[in-house]
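Participant: Starting from these lines, generate the structure:
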Amino acid sequence: MIVIRRADQRGHANHGWLDTYHTFSFGGYRDPAFMGFQSLRVMNEDRVQPGQGFGTHPHQDMEIVTYVLEGALEHKDSMGNGEVLTPGEFQRMSAGTGITHSEFNPSQTEPVHLYQIWLLPQRNGIEPSYEQKRFDDGRMTNRLRLVASPDAAEDSLKIHQDARIYLAKLDNGSEVTQELLPGRHAWLQVLRGSVSLNAEDLQTSDGAAVSDESVLTICATSDAEIMLFDLA
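Facilitator: All right, here's what the predicted structure looks like:
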């Protein structure tokens, strides 16, 4: 079964400095039919204007993954981390027992375009931690590259949840497949371009929830970039 979440069905708010779309209920946007999917709780697509950002704010008991598509995002947190994410970089922050952080667009001329993703942790109260990593484009061109997992397999980011996140950059006409073990679920997010998922057409910023499927076949119908979640 595949349930498609079209880009134009998402929650949307434009605050001037921030143009944001919410796949699932978030902040002032609430849709009882889309409170999350399995352990996936937040899928926000944000564009932050130059010189603007999110001031210092707290998080607790959440796995937060950030991926920058365009521009740059400056991160500072109460653990002493201060980093700038650029296109193609992933950040994983385990909020655990509690952290504060800020996110800011350091450019005075260019907006930053990013995805911020939250997953519920397997258990609450873990020690907060942080990772940032860039992955070799060659290992994700027309193939699924593991970028986050519970066991840090294949040099991926470690997340505290039974979930695996893959990234792929697909040339038009290329195809990748992924098996889903019995009882597993998947979420596909199209970051750029267009693909078909088991013959279902998806466009930029569309998402799809997958259950009771044994094999996923993803075919690029244009040059595309996708993020795939394998979820318990």
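Participant: Need the distance between the two termini of stretch 165-183.
Facilitator: Across stretch 165-183, the terminal residues are separated by 17 Å (CA to CA, to the nearest Å).
Participant: and it, what's its mean pLDDT?
Facilitator: Average pLDDT, stretch 165-183: 97.
Participant: ok, now stretch 197-207?
Facilitator: 97.
Participant: Can you give me the buried ones in it?
Facilitator: Buried residues in stretch 197-207, counted by 16 or more other CB atoms under 10 Å: 197, 202, 203, 205, 206, 207. Backbone N, C-alpha and C define where each C-beta goes, glycine included.
Participant: Ramachandran angles for the residue positioned nearest the centre of the chain?
Facilitator: Centre of the chain computed as the mean C-alpha position; nearest residue by CA atoms, centre = their mean is residue 117, 4.3 Å away. Per-residue torsions, residue 117: phi -130, psi 130 (degrees, to the nearest 10).
Participant: ditto for residue 23
Facilitator: Torsion angles at residue 23 (phi, psi; degrees, to the nearest 10) stand at phi -70, psi -40.
Participant: Now it: closest residue in space that isn't a chain neighbour?
Facilitator: residue 43 (3.7 Å; CB to CB, 6 or more residues apart in numbering).
Participant: wait, doesn't the one you found sit right on residue 115?
Facilitator: Yes - assessed by CB atoms under 8 Å, residue 43 is found in contact with residue 115 at 7.1 Å.
Participant: Got the confidence number for residue 150?
Facilitator: So, for residue 150, pLDDT stands at 97.
Participant: and if you look at residue 139?
Facilitator: Reading off the model, residue 139 has pLDDT 87.
Participant: contacting residues for the residue lying closest to it once chain neighbours are set aside?
Facilitator: Nearest residue to residue 139, sequence neighbours excluded (CB to CB, 6+ apart): residue 145, at 5.0 Å. Taking CB atoms under 8 Å, 6 or more residues apart in numbering, we find residue 145 in contact with 135, 139, 154, 166, 167, 168.
Participant: OK, contacts around residue 37?
Facilitator: By CB under 8 Å, 6+ apart, the contact list for residue 37 reads 24, 185, 187, 209, 231.
Participant: same check, this time on residue 182
Facilitator: Going by CB under 8 Å, 6+ apart, residue 182 touches residue 214.
Participant: Quickly note the distance from it to residue 200.
Facilitator: Residue 182 is 21 Å from residue 200, where distance means CB to CB, to the nearest Å.
Participant: And residue 166, by the same measure?
Facilitator: When distance is defined by CB to CB, residue 166 is 18 Å away from residue 200.
Participant: likewise residue 215?
Facilitator: Computed with CB to CB, the distance linking residue 215 and residue 200 is 14 Å.
Participant: now residue 36
Facilitator: Distance, residue 36 to residue 200, using CB to CB: 21 Å.
Participant: And for residue 142?
Facilitator: The value you get for residue 142 to residue 200, if CB to CB is used, is 20 Å.
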